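Peer 1: A structural model of the following input is requested.
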Amino acid sequence: MDVGAKLKEWLSFFTEPTAKRLMLIANIGGVGYYWVVSLLVFYVNLFVIIPSILSENLGWMRFQWWFFVVAYFNMMLNYLICLSKKSRYTSTEGIVTEEASSKGWGYCVPCQQYSPPRTHHCSVCKHCILKRDQHCFFLGACIGHFNQRYFLVFLFYASISALHAAVCFFTYLNQYFATFLSLDFYCYFFPIATTKWVLGYTPSHLFGILALFYMCLMLGFGCIGFFTFHFQRALHCQTSYEFSHRVTTYSRGPQRNLQEIFGSYWWLAFLVPIPQKQTSDGIVWNKPKELKGY
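Peer 2: Here you go, the predicted model:
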C-alpha cells in the first residue's frame, strides 16, 4: 500500500458513519487498554507484590516469580504472533459468476471481489477475512484462519496470568489494606474504597492495587469464558457465526478439527508457539457448501 492510499484510509475516519467511527475508537482504545494494564500488572506484580508477600520464603517467591514470567511471556508472544499472522483474502485472479456459485463462493460488495466459503468482510479492518471468527478489540485485528490458534493460546495464558496476579494482589491487600474476614471487609467494595480514597483515608498505592485486583479478576474470568467458548467451537470446527446459525458442515471430528487449526501436534501449541502446517489453506474446505448469509 502506498503512502497516498494509507493517508486516505486514515482520513476516512472523519467521514465514516457514527457507528463505524465508534467501532474504530473502540479498536484504538482496546489496544491501548491492553498494553497499559498488562505492562502495569507485570511490573507491580513482579517487583512490588510478590517480593512483599513472600519475602520470608525465598524458594516459594522464586517459583511464583518465574511462574508468572513464563505465563506472561507466552501470553505476550502469542499476542504478537497473532497480530503478525493475517487472514486477509485478496483475489489475485478473476472468477466468473457460474464458477463462484458452483464453489459456494459469495460476492463481497465493499471489496468488489468473490470470496471463498466461511469468509466474511470486516467493517473495521476493511478486508475479507478467511474463516472469520470475530474482531478482537484488544488486538485491534480480526481472528481468522491463520491466527486462530495463537488467539486461543493467548486467551489460555491471559487467564493464568490475570488470575495469578489477582490472587497475589488479594494476598497483599489482605495483609496491608484490610483483613477480608473481619469487620473491615466492606473496604473491598469499590464505591466505598473510592470514596475513602477521595477523602484521603486510603493511600493512593493501596487504592491502585485494589483497582488492579478487580481488573485482573474480571479479565481472568472473562478470558476463561472466552477460551472455553472458542475452544469448544474449535472442537466442532465452527466460527462464532456458524455456531449462532447452527452450521456443522465442516466438522470432521474433534481430533482432525484441532489439527486443522493448530497443526498435527495440536497440544504442542500450548507449550511452545512453534508454527505447524495447517491441513487447510482457508480457501478450499473438505465439504464446501453455500451458507446463507455469507
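Peer 1: mind checking pLDDT for residue 108?
Peer 2: For residue 108, the pLDDT comes out at 89.
Peer 1: swap in residue 205?
Peer 2: Value for residue 205, per-residue pLDDT: 93.
Peer 1: now do residue 198
Peer 2: Value for residue 198, per-residue pLDDT: 95.
Peer 1: swap in residue 39?
Peer 2: Reading off the model, residue 39 has pLDDT 97.
Peer 1: where along this protein do the strands fall?
Peer 2: Assigned by DSSP state E, the strands in the chain fall at 88-89, 106-108, 113-115, 120-122, 127-129, 134-136, 141-143.
Peer 1: sheet partners, orientation included, of the first one?
Peer 2: Using DSSP bridges, strand 88-89 pairs in its sheet with strand 127-129 (antiparallel).
Peer 1: chain center to the partner strand: distance?
Peer 2: 18 Å (Cα atoms, centre = their mean, to the nearest Å).
Peer 1: tell me the buried residues in that strand?
Peer 2: 127, 128, 129 (16 or more other Cβ atoms under 10 Å). The way it works is simple: take the backbone N, C-alpha and C, and place the C-beta from them, glycine included.
Peer 1: which residues are contacting that strand?
Peer 2: 87-90, 108, 111, 113, 115, 119-122, 142, 144 (Cβ atoms under 8 Å, 6 or more residues apart in numbering).
Peer 1: can you flag the buried ones in those residues?
Peer 2: 87-89, 108, 111, 113, 115, 119-122, 142, 144.
Peer 1: could you dump the buried residues of strand 127-129 to a markdown table with distance to residue 204?
Peer 2: Shown next, in a markdown table, are these (distance: Cβ to Cβ, whole Å):
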| residue | distance to residue 204 |
| --- | --- |
| 127 | 44 |
| 128 | 48 |
| 129 | 44 |
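Peer 1: what is the nearest of the residues you listed to residue 63?
Peer 2: Nearest to residue 63 among these: residue 129, at 41.1 Å, using Cβ to Cβ.
Peer 1: and the gap between that closest one and residue 209?
Peer 2: 39 Å (Cβ to Cβ, to the nearest Å).
Peer 1: just residue 73 next, same as before
Peer 2: Distance from residue 73 to residue 209, by Cβ to Cβ: 23 Å.
Peer 1: and residue 104, by the same measure?
Peer 2: Applying Cβ to Cβ to residue 104 and residue 209 gives a distance of 54 Å.
Peer 1: equivalent analysis for residue 30, please.
Peer 2: For residue 30, the distance to residue 209 - Cβ to Cβ - is 23 Å.
Peer 1: between those two, who's got more neighbours?
Peer 2: residue 209 (21 against 16; other Cβ atoms under 10 Å).
Peer 1: list the beta-bridge partners for residue 135.
Peer 2: Residues in beta-bridge contact with residue 135 (DSSP bridges): residue 142.
Peer 1: show me the contacts for it.
Peer 2: Contact analysis of residue 135 by Cβ under 8 Å, 6+ apart lists 27, 122, 124, 125, 141, 142, 143.
Peer 1: excluding chain neighbours, give the residue nearest to the second one in space.
Peer 2: Same thing as residue 122. Leaving aside its chain neighbours, residue 122 sits nearest to residue 142 (5.0 Å; criterion: Cβ to Cβ, 6 or more residues apart in numbering).
Peer 1: cool, and residue 170?
Peer 2: residue 213 is the one closest to residue 170 (Cβ to Cβ, 6+ apart), at 5.9 Å.
Peer 1: how deep is the one you found tucked in, by neighbour count?
Peer 2: Residues near residue 213, counting by other Cβ under 10 Å: 24.
Peer 1: what of residue 187?
Peer 2: Residue 187 has 20 nearby residues by other Cβ under 10 Å.
Peer 1: isn't it up against residue 194?
Peer 2: No - judged on Cβ atoms under 8 Å, residue 187 makes no contact with residue 194 at a distance of 10.9 Å.
Peer 1: hey, where'd the helices end up in the stretch 151-294 of the chain?
Peer 2: 190-198, 204-235, 240-244, 254-262 (DSSP state H, counting those that start in this stretch).
Peer 1: buried ones in the longest one?
Peer 2: Neighbour counts over helix 204-235 (16+ other Cβ under 10 Å) mark 206-207, 209-210, 212-213, 215-217, 219-220, 223-224, 226-227, 230, 233-234 as buried.
Peer 1: the inter-axis angle of it versus helix 254-262?
Peer 2: Computed by axes from the mean of the first three to the mean of the last three Cα atoms, to 10 degrees, the angle separating helix 204-235 from helix 254-262 equals 120 degrees.
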